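> Mind folding the following:
(one chain, ligands or ions: 1)
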Amino acid sequence: MAVSLRPQQPDDMHLLTGGQSPFDDFGPASRTEPRPARLDADGGLAVIAADGQLAGDVSWHWTQWGPTAGSRCPMIGIWLRPEYRGHGIGTAAQAQVVELFFRHTTVNRVEAHTDVENVAEQRALEAAGFKREGVTRGAQWRDSTYHDGILYAVLRADPRPSLPA
Ligand SMILES: CC(C)(COP(=O)(O)OP(=O)(O)OC[C@H]1O[C@@H](n2cnc3c(N)ncnc32)[C@H](O)[C@@H]1OP(=O)(O)O)[C@@H](O)C(=O)NCCC(=O)NCCS
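Numbers count the residues shown, from 1 in each chain. Now for the predicted structure:
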């Protein structure tokens, strides 16, 4: 699936409402501003489908596994509008974000995390080159309760699929 990523624009916001998925119910949407399109801070990009329309957004926040900056890595997330799900866009968009981080930053690792029941995201991540690392028990507060998740990561040295741009 051919997809492209571009900076988010104010006009995108009404289509990037979040929700509409049992795995994306974090309460009322509070974000009205585009996420910054920068890799060295928490940010995000718009996902554009082959038809030129806004399919959703990818985002990232930085986590750290030790006291020094060398242990920092981004954790990515994605949300697609319902009509753009199930066409390979989630796989392609997340693979492109991984390439952005490995080409333009020095990170060794890109992470993702999803609900134990979110099979579509698990398959999309694995198709994008992520490896399943383990279960995070009770890690995510969502929809008024704690949920178990699965931690995924792809390392710079890992083989990555070649997907159409
Ligand atoms: C999860 C999401 C990003 C996946 O993107 P997508 O474009 O729909 O997924 P893809 O078309 O790339 O499909 C990836 C794989 O999942 C499978 N899949 C797709 N929808 C599925 C579903 N509802 N149930 C089970 N498997 C599904 C596909 O068959 C494909 O597997 P395959 O490569 O073995 O054939 C997208 O569905 C979405 O935005 N969902 C709502 C928000 C969300 O859950 N975000 C992630 C939160 S961590």
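> contacting residues around stretch 155-165?
Residues from elsewhere that reach stretch 155-165 (Cβ atoms under 8 Å, 6 or more residues apart in numbering): 1-2, 4, 91-92, 95-96, 98-99, 102, 107-109, 127-129, 131, 154. All C-beta spots, glycine's among them, are computed from the backbone N, C-alpha and C.
> can you rerun that using 7 Å?
Residues outside stretch 155-165 that contact it (Cβ atoms under 7 Å, 6 or more residues apart in numbering) are 1-2, 91-92, 95, 98, 102, 108-109, 127-129, 131, 154.
> try stretch 3-13
With Cβ under 7 Å, 6+ apart as the test, stretch 3-13 has contacts from 32, 34-35, 37, 44-50, 54-55, 57-58, 89, 92-93, 96.
> same question, stretch 34-44
Identification of contacts with stretch 34-44 by Cβ under 7 Å, 6+ apart yields 7-10, 12-13, 45, 57-62, 100-101, 104-105.
> Are any of the residues you listed buried, and if so which?
Among the contacts of stretch 34-44, those classed as buried by 16 or more other Cβ atoms under 10 Å are 8, 12, 45, 57-60, 62, 100-101.
> Just the ones in helices from those residues, please.
Counting by DSSP state H, the buried ones among the contacts of stretch 34-44 place 100-101 in helices.
> Pull the most distant pair out of the buried ones among the contacts of stretch 34-44.
The distance between the two most remote of those (Cβ to Cβ) is 22.8 Å, for Asp12 and Trp62.
> before we move on, the earlier item: now go through the buried ones among the contacts of stretch 34-44 and say which are in strands.
For the buried ones among the contacts of stretch 34-44, the ones inside strands are 45, 57-60, 62, with DSSP state E as the criterion.
> In ChimeraX, how would I select the buried members of the contacts of stretch 3-13?
Selecting the buried subset of those in ChimeraX, with 16+ other Cβ under 10 Å as the burial test, is done by:
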select :34,35,44,45,46,47,48,49,54,55,57,58,89,92,93,96
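> Okay, and which of the contacts of stretch 3-13 map to helices?
Among the contacts of stretch 3-13, the residues falling in helices (DSSP H) are 89, 92-93, 96.
> Let me see the ranges of the strands in this protein.
Counting by DSSP E, the chain has strands at residues 4-6, 43-48, 54-64, 72-80, 109-115, 131-142, 145-155.
> For these, give me CSV that also has mean pLDDT and distance to Leu163.
Shown next, in CSV, are the strands of the chain (pLDDT from 0 to 100; distance: least, Cβ to Cβ, whole Å):
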stretch, mean pLDDT, distance to Leu163
strand 4-6, 98, 12
strand 43-48, 97, 14
strand 54-64, 96, 14
strand 72-80, 96, 15
strand 109-115, 97, 15
strand 131-142, 96, 17
strand 145-155, 97, 13
